[in-house]
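> how does the following fold in three dimensions:
(one chain, ligands or ions: 1)
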Amino acid sequence: MKLYFAPNSRAVRIAWLLEELSISYEIEKYSVGDKALRTPEFYKLHPMGRVPVLEDNGTTIYESGAIVEYLLAKYDNGKFRPDLNDPTFPYYLQWLHYAEGSIMGQVNTIVVETILLPPERRNDVNVKRAFKLLNTALSNVNDNLENKDFLTGTFTGADIMTGHACIGAKRVGANISNMINIEKYIERLLSRPGLQKAMKI
Ligand SMILES: N[C@@H](CCC(=O)N[C@@H](CS)C(=O)NCC(=O)O)C(=O)O
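Have a look, this model is predicted:
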């Protein structure tokens, strides 16, 4: 199994899951913004030049959420994914997809508008709107975590996706000081050895 990886990127999610599943893997390391991601060779792996990409026995797959679902369907044996008949299954899917569907779009806008663009091209209206929408999306996570350690009760692939997105949101400056459930949730996730290992790659 080979993971195309960059530190501080969504590829951390996949290394974290592989660690949680005790699956051994090889890393091919890049950095975000790396020119090596924009080569004809890399475009064969990911047509948009992004990480993560996973290679497994001749299968090449990208999109972090899809990779999480693939790994759990194939190798998890029910540890981090509820069974189809489990009442939490729909909510497991909901929270797994919430990361890219409702959080990361705003995080991307904030990164582009506050870090990547030169100051003269930044747009304050976009930044304010992104923070507002991000706050609403995170409030919803915070409410859902009332009396729960993890998004659907026990630790699952949904926490890898949306938990990592919450960590990213906090890192770009989302104000979660009044969202005590998320604060504690992030601490809980950061104390997991699998995530600690993935963050050190
Ligand atoms: N929705 C995709 C997003 C992939 C993505 O945008 N990855 C970023 C890092 S988080 C990337 O590879 N950026 C490299 C670059 O733009 O140079 C996923 O979840 O895998």
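
> contact partners for the nearest residue to Asp56 once chain neighbours are set aside?
The spatial neighbour of Asp56 that comes closest, neighbours along the chain excluded (C-beta to C-beta, 6 or more residues apart in numbering), is Met1 at 5.0 Å. For the C-beta atoms, the positions are set from N, CA and C on the backbone; glycine is no exception. Applying C-beta atoms under 8 Å, 6 or more residues apart in numbering to Met1 gives the contacts 18, 23-26, 54-56.

> can you give me the distance of the residue lying farthest from the centre of the chain to the ligand?
In the chain, the residue that sits farthest from the middle, by C-alpha atoms, centre = their mean, is Glu120; the gap is 30.3 Å. Relative to the ligand, Glu120 is positioned 22 Å away (criterion: C-beta to the nearest ligand atom, to the nearest Å).

> out of the contacts of Met1, who's the most crowded?
Within the contacts of Met1, most neighbours by other C-beta atoms under 10 Å means Leu54, with 26 neighbours.

> and the pLDDT at it?
Leu54 carries a pLDDT value of 98.

> do Gly78 as well
Note on Gly78: pLDDT of 83.

> need phi/psi at Val53.
As for Val53, its main-chain torsions (degrees, to the nearest 10) stand at phi -130, psi 140.

> if we go by neighbour counts, what in the helix ranked longest in the chain is buried?
Longest helix in the chain, counting residues (DSSP state H): helix 124-144. Of all the residues in helix 124-144, those buried under the rule 16 or more other C-beta atoms under 10 Å are 127, 130-131, 134-135, 137-138, 141-142, 144.

> try stretch 3-11
3-6, 9-11.

> ditto for stretch 174-182
Residues of stretch 174-182 classed as buried by neighbour count (16+ other C-beta under 10 Å): 174, 176, 179, 181-182.
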